[in-house]
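**Q** Pasting a predicted model and its sequence here:
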Protein chains: 2
Amino acid sequence: MNATGGTTDETTGEQPGDEVPWGEVTPEAARKLLVAAVAAFAERGYHATTTRDIAGRAGMSPAALYIHYRTKEELLHRISRIGHDRALAVLSAAADRPGTPGERLADAVSSFVRWHAGRHDTARVVQYELDALSPEHRAEIVELRRSSDAVVRGILRDGVAAGEFDVPDVPGTTLAVLSLCIDVARWFNVRGRRTPEEVGELYADLVLRMVAARP
Amino acid sequence: MNATGGTTDETTGEQPGDEVPWGEVTPEAARKLLVAAVAAFAERGYHATTTRDIAGRAGMSPAALYIHYRTKEELLHRISRIGHDRALAVLSAAADRPGTPGERLADAVSSFVRWHAGRHDTARVVQYELDALSPEHRAEIVELRRSSDAVVRGILRDGVAAGEFDVPDVPGTTLAVLSLCIDVARWFNVRGRRTPEEVGELYADLVLRMVAARP
């Protein structure tokens, strides 16, 4: 498999014309297998899914799967790596935008929420199956998570330094902000009453209240 | 199996002397099987766990399991039902206590957080395996979740009516408050830096900020 970089839409972390899910995974057979793996893991869990199940969902033979992925864990790692890279890109893009700490925080929260709502199957797999990764892969992903954490912590510190936020516990509040956004993947329902955009706006407002932002 | 009511500690929703997990499940063999099922489901997921795995973990034969539970789904339903009953008891006890809406909300959040941190294995199974329940059982659990939701919504409405809270979107804020507490079960680590009590206090403060509580 090759991951092509491509241009990323900074708002959503998605590729231009991202109607093709996981468009960065090539060749096409590797992409189809990855899409099938996300669906299978989200539906039945990593441990209950076999490589045969995944190949079957993608309309391929198990032998065809092994051309692209040596193990089931390699598929999970690939999903988890791309998922975390995108989530970090979404957060970083918002954090790096010009604006006050409050504007950057609102941007970061609303785009992170939109990502978790729009990609809830991927996000669930990525969040709930961490323990199934090999120790090296897990360590790599934990590093990416630390980076996401650092992005949010940085905005909170900027806001406190500028006298715009009142945050007695910056690491604890960072944890709560990220947790609130991540859990959207658990409860979000495409047939529910709120769109990803509406949840993003609501949550940006609630997080600004958490940090007692002065406009 | 029989569930005995018993006296419940209103702070934690736990039975007095609750060193014995799931003490309300009798006889002892049924309790041991339920404890084994929680551990197995939390570790590998519901679909990857067989009744043979559960019986083996409890040191029993598959035949002994069927005396107490007809199906694997019956075990999941029992875990989910007790888990949701307790979570609702924890929230209701806090909501029904005398005090201002702010005090009741802080109590509800900190005890709900302590429950999700202290019982994170149970909470994960209960939260992530909802789709594996039969349609009738799922409907029953959804009803209990609506009740938990109504408890928090009631406190928010009381606070707004008393002029103590400023909450533009009561249902959305209720959703966010419960989501924040529930996600503690995903990230909480007994070897981490914060105790369940410390997370409970931090979150109670953050939620009071969300509702813009005036002391």
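**A** Cool, the structure landed.
**Q** What is the burial count for A:Ser147?
**A** 14 (other C-beta atoms under 10 Å in any protein chain shown). Heads up, the C-betas are built off the backbone N, CA and C, glycines and all.
**Q** Pull the number of nearby residues for A:His47.
**A** A count of nearby residues for A:His47, using other C-beta under 10 Å, gives 17.
**Q** That one falls within a helix, correct?
**A** No - with DSSP: H, G, I helix; E, B strand; the rest coil as the criterion, A:His47 is coil rather than part of a helix.
**Q** So it sits against B:Arg44, correct?
**A** Yes - under the criterion of C-beta atoms under 8 Å, A:His47 lies in contact with B:Arg44, with a separation of 4.4 Å.
**Q** helix/strand/coil for the spatially most central residue of chain A?
**A** The central residue of chain A, meaning the one whose C-alpha is nearest the mean C-alpha position (C-alpha atoms, centre = their mean), is A:Ala87 at 3.8 Å. Per three-state DSSP, the local secondary structure of A:Ala87 is helix.
**Q** Next one: it from chain B, what distance?
**A** Taking C-beta to the nearest C-beta, to the nearest Å as the measure, A:Ala87 falls 15 Å from chain B.
**Q** Contacts only, for that residue.
**A** When contacts are counted by C-beta atoms under 8 Å, 6 or more residues apart in numbering or on different chains, A:Ala87 touches A:13, A:112, A:115, A:123, A:126, A:148.
**Q** if you set the cut-off to 10 Å instead, what comes out?
**A** A:13, A:111-112, A:115-116, A:119, A:122-123, A:126-127, A:144-145, A:147-148, A:178, A:181-182 (C-beta atoms under 10 Å, 6 or more residues apart in numbering or on different chains).
**Q** And the helices in chain A, which stretches?
**A** Chain-ordered helices for chain A, with DSSP state H as the definition, fall at A:28-44, A:51-57, A:62-68, A:72-96, A:101-118, A:120-128, A:135-161, A:170-182, A:184-187, A:196-210.
**Q** could I get these as a markdown table with mean pLDDT?
**A** As requested, these are arranged in a markdown table below (pLDDT from 0 to 100):
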| stretch | mean pLDDT |
| --- | --- |
| helix A:28-44 | 96 |
| helix A:51-57 | 97 |
| helix A:62-68 | 95 |
| helix A:72-96 | 95 |
| helix A:101-118 | 96 |
| helix A:120-128 | 92 |
| helix A:135-161 | 97 |
| helix A:170-182 | 97 |
| helix A:184-187 | 94 |
| helix A:196-210 | 98 |
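**Q** before we move on, the earlier item: now for A:His47 and B:Arg44: what residues contact both?
**A** When contacts are counted by C-beta under 10 Å, 6+ apart, the set common to A:His47 and B:Arg44 consists of A:Ala132.
**Q** among the helices of chain A, which is the most enclosed?
**A** Among these, the stretch with the highest mean neighbour count (mean count of other C-beta atoms under 10 Å in any protein chain shown) is helix A:101-118, at a mean of 24.
**Q** CA atoms only for stretch A:118-132 - export them in CSV, please.
**A** This file holds the C-alpha atoms of stretch A:118-132, laid out as CSV (Å, rounded to 0.1, in the frame of the first residue of the first chain):
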residue,chain,number,x,y,z
GLY,A,118,-19.0,12.5,10.1
ARG,A,119,-16.6,9.6,10.5
HIS,A,120,-18.1,7.9,13.6
ASP,A,121,-17.4,4.3,12.4
THR,A,122,-13.7,5.0,11.9
ALA,A,123,-13.5,7.0,15.1
ARG,A,124,-15.1,4.2,17.1
VAL,A,125,-12.6,1.6,15.7
VAL,A,126,-9.7,4.0,16.3
GLN,A,127,-10.8,4.8,19.9
TYR,A,128,-12.0,1.4,21.1
GLU,A,129,-9.6,-1.0,19.6
LEU,A,130,-6.3,0.6,20.8
ASP,A,131,-5.5,-2.4,23.0
ALA,A,132,-5.5,-4.7,20.0
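**Q** Is there proximity between it and chain B?
**A** Yes - where contact is defined by C-beta under 10 Å from any C-beta of the partner chain, part of stretch A:118-132 touches chain B, namely A:124, A:127-132.
**Q** And those residues, which two are furthest apart?
**A** Set against one another by C-beta to C-beta, the residues of stretch A:118-132 next to chain B have their most distant pair in A:Arg124 and A:Asp131, with a gap of 14.0 Å.
**Q** A:Pro101 versus A:Leu76, what's the distance?
**A** When C-beta to C-beta, to the nearest Å is applied, the distance between A:Leu76 and A:Pro101 equals 36 Å.
**Q** should've said A:Ala30
**A** With distances defined as C-beta to C-beta, the gap from A:Ala30 to A:Pro101 amounts to 41 Å.
**Q** repeat for A:Ala55
**A** 48 Å.
**Q** what do you get for A:Glu43?
**A** Here A:Glu43 is placed at a distance of 40 Å from A:Pro101 (C-beta to C-beta).
**Q** In space, what's closest to A:Leu88 - neighbours in sequence excluded?
**A** For A:Leu88, ignoring the flanking residues on the chain, the nearest one in space by C-beta to C-beta, 6 or more residues apart in numbering or on different chains is A:Ser148 at 5.0 Å.
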